[in-house]
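Colleague: need coordinates for the following:
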Amino acid sequence: MISISPDFMLSLAQHLWPLLVSLFHLTCASAVTVHALLNKRDVHTAIGWIALAWLTPLLGTLLYLMLGVNRIQRAGVALGLSNTWRGERRSANAAREVDAPCLPELAGINQLSREVTERALLADNAVTPLVHGDEAFPAMLATIDGARQSVTLLSYIFNDDAAGRPFLDALVRAMGRGVQVRVLIDAVGARYSRVNMVRRLRQAGVPVAAFLPPRLTRLLAQANLRNHRKIMVVDGAHGFTGGMNISASHWLSKQPPKAFQCLHFAVRGPVVADLQRTFAIDWGFTTGETLQGSPWFADNPPCGPVLARGVSDGPDADIDHMRLVILGALATARQRVRIVTPYFLPDSVLLTTLQVTALRGVVVDIVLPGRSNLPLFDWAMRPQFADLVASGCRVHLTGPAFDHTKLFLVDDAWSLIGSANWDARSLRLNFEYNLECHDALLVRQLDVLVDARVQRAHRLTGAELAGQSMTGRLRDRLVWLLSPYL
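Modeller: The predicted structure follows:
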C-alpha cells in the first residue's frame, strides 16, 4: 500500500487551488456571459456586465447575481397573476375600454400609448392637483375617514412621523367601522423610518405587506426593483396618486427639519379602476390574495372633463412603457415641453430626443432642484447640461427647498403625472405609476405651478457651464459614470 504523507497532500493542495479557483472563475464568467447575451436588451449594459464578470473574478459574478438578474417577472408568472389580470382588464367595463375621442393633434400620442399600455383613454374623469402635504394629506385623511367599504394604500415610503401616525390612526378607525383595508409598503422604503411602519400597522391589526423584502442584505435591497408607486383608492371611487410619499417632510406647515416640495392628485371617474387594478396586481404579487369586484371596485359615473389613461412601468411585462410614452410625447410636441423632476439622468436616446425637440423650435424647459437630497445625483446630472443648453433647452435650477415634484407637460392639453423620475432606475428598474391626461384646463393649472418655479429659479447658461473648474468637472464626470446605477 502506498502511503501519502500529509506534507504531500498539503503541497498538492497548494499547487491545485489556484487552478481550481481559475476554473471556477471561468465557469462563472462564462455563465454570466451567456445569461447577459440572452437576456439583456441594451448592448452597453450587456458589455458592462460581461466585462465586470471577466475582469473582477468572482466579485463580478456575485454583483451580477445580486443586481443584474430580474427575478420579478418569473415570480409574477409563478403566481399566475399576469394572464388573470389581462383577462380581467379586457372584460371589466368593456363598454368603457374604447378610446374616448381626443384632440386631433393628440391622436398620435394616443395611439402610441394605447399600443404600448394596452389601456384605453377613458373619458369623464376629474383630476385635481394637491400642492404639498398641506393639501394632499388632509384630503387623503378625510377620504379615509369617509370610507364605507374599502381602503387600499400603496406607498414607497410610509414613515412613523407626524404624517404617518395620522394615517395609521385613520386606517384603524376605518377598520373599526367595518371597512376592508389593505396597505402595501415597499420593503426598502419602510426602512427610511426609525420605526418600521409595517410592524406598527401589523401590531394595530391592519392588513399590511412589505413589497419584495430583501433576502440578503439591505444594500442589495436598495439597488433596484423597488415599488416606487403612490396609490390610494377609497371605496373604489376616490383615487389619489402622484409623487408624494407619506412623510412629514412634505407637510410644510408643520415645519419639518427637511422640507420637500411635492405634488399629488385627487382622481375621480372611470380611471380610478385602473389605479385600483394596479394596486391589486402588486398586492396579489406580494401576498397571493386576489382583490376583485366589490368592495374594491366600483362603477364610477362621469364626474369631469379629463381624458385619462394609466401608465404602469416596471422591470416585468410593463418594462419601457413610461419611456416609450415619453419619447412619443416629445416627438409630437409642437410648441413647448415642460419637465419638472427631482432626478434627471435620462439615457442617451432621451437626451438626444430632447435636443432634437429643442432644435425643431419647440421651447423645452427642464426644471430641477438646485440641490437635491442626494449630492451624487447633483454631480452626475451636470455633465448632461452643456449639450442640452447648446441645443436650446432651458435648464432651471430651483432652491432652496428640495423640489420632489414630477411633471411632464406637452403643448396646451397633454400631461403625464405620477411617481416616475427621469432617470434609469425609475424608468427601467423600479415599479412606477403615472396618469396620461388630455385636458387643457389641467395643463393650465399645472403651468401656473411650473411658472412659479421658473420665476424663482436660476437658469443655467453655456458660459457658466464652460467656466466650471477642472476639479468640479472631473468629479462630475467620475460620478456620471455611475449614472446607470444611481
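Colleague: domain map for the protein?
Modeller: With domains defined by automatic domain parsing, the chain comprises 20-69, 73-309, 321-485.
Colleague: now those domains as CSV including mean neighbour count, mean pLDDT and distance to Pro315?
Modeller: In short, each C-beta sits where N, CA and C put it, glycine included. Output for those, formatted as CSV (neighbours: other CB atoms under 10 Å; pLDDT from 0 to 100; distance: least, CB to CB, whole Å):
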stretch, mean neighbour count, mean pLDDT, distance to Pro315
domain 20-69, 15, 79, 11
domain 73-309, 19, 88, 6
domain 321-485, 19, 93, 6
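Colleague: the closest residue to Ala123 other than its chain neighbours in helix, strand or coil?
Modeller: What sits nearest to Ala123 in space, not counting adjacent residues and going by CB to CB, 6 or more residues apart in numbering, is Ala100, at 3.6 Å. Using DSSP: H, G, I helix; E, B strand; the rest coil, the structure places Ala100 in coil.
Colleague: contacting residues around Ala100?
Modeller: Ala100 makes contact with 120-123, 307, according to CB atoms under 8 Å, 6 or more residues apart in numbering.
Colleague: could those residues go into JSON lines alongside distance to Ser113 and secondary structure?
Modeller: Formatted as JSON lines, those follow (distance: CB to CB, whole Å; DSSP: H, G, I helix; E, B strand; the rest coil):
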{"residue": "Ala120", "distance to Ser113": "10", "secondary structure": "coil"}
{"residue": "Leu121", "distance to Ser113": "7", "secondary structure": "coil"}
{"residue": "Leu122", "distance to Ser113": "12", "secondary structure": "strand"}
{"residue": "Ala123", "distance to Ser113": "15", "secondary structure": "strand"}
{"residue": "Leu307", "distance to Ser113": "11", "secondary structure": "strand"}
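Colleague: ok, now how distant is Val450 from Val337?
Modeller: When distance is defined by CB to CB, to the nearest Å, Val450 is 11 Å away from Val337.
Colleague: what's the overlap in contacts for those two?
Modeller: Contact criterion CB under 8 Å, 6+ apart; residues shared by Val450 and Val337: 365, 409.
Colleague: on the three-state scheme, the residue nearest to Asp160 when sequence neighbours are not counted is what?
Modeller: Sequence neighbours aside, Val195 is the residue nearest to Asp160 in space, at 4.0 Å (criterion: CB to CB, 6+ apart). Look at Val195: counting by three-state DSSP, its state is coil.
Colleague: could I get the contacting residues of the residue lying closest to His438 once chain neighbours are set aside?
Modeller: Leaving aside its sequence neighbours, His438 sits nearest to Leu307 (CB to CB, 6+ apart; 4.0 Å). Neighbouring residues of Leu307 by CB under 8 Å, 6+ apart: 100, 102, 121-123, 125, 437-439.
Colleague: could you check how far the residue nearest to Asp160 is from Phe211?
Modeller: Distance of Val195 to Phe211, given as CB to CB: 18 Å.
Colleague: now Pro295
Modeller: 22 Å.
Colleague: helices or strands next to the host helix or strand of Ala126 in the packing?
Modeller: Using DSSP states H and E, Ala126 sits within strand 122-131. With contacts taken as 3 or more CB pairs under 8 Å, 6 or more residues apart in numbering; DSSP states H and E, strand 122-131 sits against strand 263-268, strand 306-313, strand 432-438, helix 440-455.
Colleague: tell me the helices and strands packed up against the longest one.
Modeller: In this structure, helix 440-455 makes packing contacts with strand 122-131, strand 336-340, strand 363-369, strand 394-398, strand 407-410, strand 414-418, judged by 3+ CB pairs under 8 Å, 6+ apart.
Colleague: need the residues that contact the second one.
Modeller: Outside strand 336-340, the residues within contact range by CB under 8 Å, 6+ apart are 329-330, 354, 357, 362-367, 403, 405-411, 422, 447, 450, 453.
Colleague: alpha carbons of that strand, as PDB, please.
Modeller: Taking Å, rounded to 0.1, in the frame of the first residue of the first chain, the C-alpha atoms of strand 336-340 are listed here in PDB:
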ATOM      1  CA  ARG A 336     -43.400  73.600 -25.800                       C
ATOM      2  CA  VAL A 337     -42.300  70.900 -23.400                       C
ATOM      3  CA  ARG A 338     -42.100  71.400 -19.700                       C
ATOM      4  CA  ILE A 339     -40.300  68.900 -17.400                       C
ATOM      5  CA  VAL A 340     -40.200  69.100 -13.600                       C
END
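Colleague: following element in sequence after that strand, please.
Modeller: Moving toward the C-terminus from strand 336-340, the next helix or strand (DSSP H and E) is strand 344-345.
Colleague: what pairs with that following strand, parallel or antiparallel?
Modeller: Sheet pairing for strand 344-345, assigned by DSSP bridges, gives strand 422-423 (parallel).
Colleague: contacting residues for Arg119?
Modeller: 89, 113, 274, 309-311.
Colleague: how close does the most centrally placed residue in the chain sit to Pro104?
Modeller: With distances taken as CA atoms, centre = their mean, Glu432 lies nearest the centre of the chain, 3.5 Å away. Glu432 sits 29 Å away from Pro104 when distances are taken as CB to CB.
Colleague: with Val127 instead?
Modeller: Using CB to CB, Val127 is found at 22 Å from Pro104.
Colleague: need the helices and strands packed on strand 122-131 in JSON lines with distance to Leu374, can you?
Modeller: Below are these laid out as JSON lines (distance: least, CB to CB, whole Å):
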{"stretch": "strand 263-268", "distance to Leu374": "19"}
{"stretch": "strand 306-313", "distance to Leu374": "21"}
{"stretch": "strand 432-438", "distance to Leu374": "18"}
{"stretch": "helix 440-455", "distance to Leu374": "19"}
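Colleague: so for Gly189, which of these sits nearest?
Modeller: Gly189 lies closest to strand 432-438 among the helices and strands packed on strand 122-131, at 13.3 Å (CB to CB).
Colleague: show me what that closest one is packed up against.
Modeller: Counting contacts by 3+ CB pairs under 8 Å, 6+ apart, strand 432-438 packs against strand 122-131, strand 306-313, helix 321-332, strand 414-418.
Colleague: helices and strands around the third one, which ones?
Modeller: Yep, that's helix 321-332 we're talking about. Using 3+ CB pairs under 8 Å, 6+ apart as the test, helix 321-332 ends up in contact with helix 107-117, strand 306-313, helix 348-359, strand 407-410, strand 414-418, strand 432-438.
Colleague: can you list the strands that the fourth one pairs with?
Modeller: Strand pairing for strand 407-410, determined by DSSP bridges: strand 336-340 (antiparallel), strand 414-418 (antiparallel).
Colleague: quick one on the thing from earlier: out of the contacts of Arg119, who's nearest Leu171?
Modeller: Among these, Asp274 lies closest to Leu171 (CB to CB), at 22.9 Å.
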